[in-house]
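[1] Only the shape, not the letters, is given here:
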């Protein structure tokens, strides 16, 4: 049975324990949120010894289930002040699972200025001094670990931003090629890892073994059926492998919901130049890679490898959200400049969504003009230099906006909104406002029904049905995050009942019993209930489940709309959940 390792950074000790019975069927987000809710005082300072940082593979991770290599990282967030789960692909979760780890819990806090490395193997976890890694970017940090331990290892690391305890700091996870390109980006959890004095976690899966489902035949049959559903869906089988996540740029821009120049309008005149279609053509012309898997066993392969004009590696993707945040939101129509910023932020260990949105707020503040790609790169260099302005950039949009007196700051619970304007898609606005995670599209992806017509159709510009849509998607997403499956499998699950059945049968195969759609819903509901209770105890109230007021008063061009879901309806989202 997989074990929970508790790494006490105050005592520099490691303890292995069997999961409590109530944790037996939890994984991923369900497990990280349960441990945080059970063990962290809701009013604790996020960077104090009282907070904990939890890494947990999903329930299906490591079993060979298609697209199941997701890692959940959980803590009390220094950015939002509430409970947080941040999710990543890459090889870290699979290798933790192979090493027999159900969860890795970082506790306490070491002496100031000390850095450590954790080494995880099938035989246990050890703590080693790592002061020599201080100040290194994620790329150099990982390169040193692979040189020492071999190319079979994966790494979970922080860059300079995490060491600075910056509120936008991410946790990097290495991909199949061993590059730190996949990130638990949202919520500043890299700062929590930095507060624990942990620079890097090296995971060596050699000598480990894949988790064995209780009913192997049930699991194998279900996994094959599920994979066929993914291949036969037009989004997961065709569009995402060919064009990547950035296939959405032209779609969302045409719908008038593509936030431009700090959410001042919903269409960007330079969208074609940064679209997934144009990105695809550039990558092919230069000899990069499309249809790239960020972890073994991914059949969707929405990642890509972006190269420069000489064919040299620059970065992964970049993904839709990253391109939007540094593109339309900043008024920049230059993929090469955006790719360079993506690489810089991965190395610094910064959430690309939060940082791109912060650059846009900096532009609105007049620090640099909209469209100034060179100026944006200079601001990121300020982060590396640890200047006062660099620290503000690394602190996120809300902090920078307050420091410069910017009135229009697109955040909820301190976290920046992603690449969909809620005035052009009301359902995603409900999710932004009410999710325990802060403004987060992945918490309940209402764009599916609002704009993509996946899983039904809900008029994006009518308040009717938006609360129900967001609620159902938030429940399903919480369960999906617990399973370890990639969010994108939801496209197939929403459109094909067989995909839902196959997914539940994979879980049933793991547990050796019948697992129903109702069981899946219960998993999501219980996870959300824990998270909501924690946030309430931390001081959150219905007043925090709101969008910034200007989304109700400023009309979005070209649609001419404001966000139309009343506050009293927002307060009903979780009435039947908690």
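    Received it, and whenever you're ready, just let me know what you need. Given the structure is predicted, the values throughout are model-derived calculations rather than measurements. Numbers count the residues shown, from 1 in each chain.
[2] Could you use CA atoms for every contact and neighbour count after this?
    Noted.
[3] Please name the nearest non-neighbouring residue to residue 379.
    Nearest residue to residue 379, sequence neighbours excluded (Cα to Cα, 6 or more residues apart in numbering): residue 390, at 6.5 Å.
[4] Surely the one you found and residue 382 touch.
    Yes. Residue 390 lies in contact with residue 382 (Cα atoms under 8 Å); the separation is 4.3 Å.
[5] Surely the residue nearest to residue 379 forms part of a strand?
    No. Using DSSP: H, G, I helix; E, B strand; the rest coil, the assignment for residue 390 is helix, not a strand.
[6] What is the burial count for it?
    By the criterion of other Cα atoms under 10 Å, residue 390 has 19 neighbours.
[7] which ones are touching it?
    By Cα atoms under 8 Å, 6 or more residues apart in numbering, the contact set of residue 390 is 379-384.
[8] Would you mind measuring from it to residue 193?
    20 Å (Cα to Cα, to the nearest Å).
[9] The residue most central in space within the chain in helix, strand or coil?
    The chain has residue 87 as the residue nearest its centroid, 4.1 Å off, counting by Cα atoms, centre = their mean. The assignment at residue 87 comes out as strand when based on three-state DSSP.
[10] Now do the contacts for it.
    By Cα under 8 Å, 6+ apart, the contact list for residue 87 reads 70-73, 183-185, 481.
[11] make it 10 Å
    The contact partners of residue 87, taken as Cα atoms under 10 Å, 6 or more residues apart in numbering, are 28-29, 55-57, 70-74, 171, 182-186, 442, 481, 484, 486-487.
[12] per-residue confidence at it?
    Looking at residue 87, its pLDDT reads 96.
[13] sorry, back to before: now list the buried members of the contacts of residue 87.
    28-29, 55-57, 70-74, 171, 182-186, 442, 481, 484, 486-487 (16 or more other Cα atoms under 10 Å).
[14] in the stretch 1-150 of the chain, which spans are helices?
    Counting by DSSP state H, counting those that start in this stretch, the stretch 1-150 of the chain has helices at residues 28-39, 92-98, 138-149.
[15] what packs against the shortest one?
    I take that to be helix 92-98. strand 53-57, strand 71-76, strand 101-107, strand 116-121, strand 154-157, strand 171-173, strand 198-203 (3 or more Cα pairs under 10 Å, 6 or more residues apart in numbering; DSSP states H and E).
[16] Adjacent strands (with direction) for the longest one?
    Note on strand 101-107: by DSSP bridges, its sheet partners are strand 3-8 (parallel), strand 53-57 (antiparallel).
[17] Check the shortest one too.
    Using DSSP bridges, the neighbouring strands of strand 171-173 in the sheet come out as strand 154-157 (antiparallel), strand 182-184 (antiparallel).
[18] Please apply the same query to the second one.
    Paired neighbours of strand 71-76 in the sheet (DSSP bridges): strand 53-57 (antiparallel), strand 83-88 (antiparallel).
[19] With the fourth one instead?
    Strand 116-121 pairs in its sheet with strand 124-129 (antiparallel), strand 198-203 (parallel), by DSSP bridges.
[20] Please work out which of the ones you listed is packed deepest.
    strand 198-203 (a mean of 26; mean count of other Cα atoms under 10 Å).
[21] Tell me the helix or strand right after that one.
    Downstream of strand 198-203, the next assigned helix or strand under DSSP states H and E is helix 216-232.
[22] Only the buried residues of that following helix, if you could.
    For helix 216-232, a neighbour-count test (16+ other Cα under 10 Å) marks 218-220, 222-223, 225-231 as buried.
[23] distance between it and the chain's centre?
    Relative to its chain's centre, helix 216-232 lies at 26 Å (Cα atoms, centre = their mean, to the nearest Å).
[24] Stretch 360-369 too?
    So, by Cα atoms, centre = their mean, the centroid of stretch 360-369 is 26 Å from its chain's centroid.
[25] Please apply the same query to stretch 27-41.
    With Cα atoms, centre = their mean, you get 17 Å for stretch 27-41.
[26] Okay, the closest residue to residue 344 other than its chain neighbours and residue 158: tell me how far apart.
    Excluding its sequence neighbours, the residue lying closest to residue 344 (Cα to Cα, 6+ apart) is residue 380, at 7.4 Å. To residue 158, residue 380 is 16 Å away according to Cα to Cα.
[27] which of the two has more neighbours?
    Neighbour totals were compared for residue 380 and residue 158, and residue 158 leads with 36 against 23 (other Cα under 10 Å).
[28] these two touch, right, that one and residue 172?
    Yes. With contacts counted by Cα atoms under 10 Å, residue 158 reaches residue 172, the gap being 6.1 Å.
[29] okay, and the common contacts of those two?
    138-139, 142, 180, 183, 190, 200, 346-350.
[30] Pick the one among the residues you listed closest to residue 33.
    residue 190 (17.0 Å; Cα to Cα).
[31] I'd say the closest one and residue 84 touch.
    No. Residue 190 lies out of contact with residue 84 (Cα under 10 Å); the separation is 12.0 Å.
[32] those helices in the stretch 301-450 of the chain, which residues are they?
    Using DSSP H, counting those that start in this stretch, helices in the stretch 301-450 of the chain cover 320-326, 335-348, 352-364, 373-385, 388-393, 397-403, 426-434, 447-450.
[33] Would you point to the one among these that's packed deepest?
    Among those, the stretch with the highest mean neighbour count (mean count of other Cα under 10 Å) is helix 426-434, at a mean of 31.
[34] and residue 519, which of the three is it?
    Secondary structure of residue 519, per three-state DSSP, is helix.
[35] who's in contact with stretch 210-220?
    For stretch 210-220, contacts defined as Cα under 10 Å, 6+ apart pick out 1-2, 59-65, 94-95, 97-100, 222-223, 225-226, 502-514.
[36] Apply 8 Å and report the result again.
    By Cα under 8 Å, 6+ apart, the list of residues contacting stretch 210-220 reads 62-63, 97-98, 100, 505-513.
[37] okay if I get those residues as TSV plus neighbour count and distance to residue 535?
    Output for the contacts of stretch 210-220, formatted as TSV (neighbours: other Cα atoms under 10 Å; distance: Cα to Cα, whole Å):
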residue	neighbour count	distance to residue 535
62	28	31
63	24	33
97	28	29
98	25	33
100	24	31
505	26	33
506	31	32
507	28	29
508	20	32
509	25	34
510	22	32
511	18	31
512	16	35
513	13	34
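[38] In TSV: these, plus distance to residue 520.
    Shown next, in TSV, are the contacts of stretch 210-220 (distance: Cα to Cα, whole Å):
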residue	distance to residue 520
62	20
63	18
97	21
98	24
100	24
505	11
506	12
507	9
508	11
509	14
510	14
511	13
512	15
513	13
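[39] Under the pLDDT cut-off, which ranges of this protein? List them.
    Within the chain, the ranges that satisfy pLDDT under 70 run 578.
[40] domain ranges for it?
    3-203, 253-420 (automatic domain parsing).
[41] End to end on the longest one, go ahead and measure it.
    Yep, that's domain 3-203 we're talking about. Domain 3-203 stretches 15 Å from its first residue to its last (Cα to Cα).
[42] thinking again about what came up before, go through the contacts of residue 390 and name the one nearest residue 401.
    residue 379 (15.1 Å).
[43] need the contact list for that closest one.
    The contact partners of residue 379, by Cα under 8 Å, 6+ apart, come to 359, 389-390, 393.
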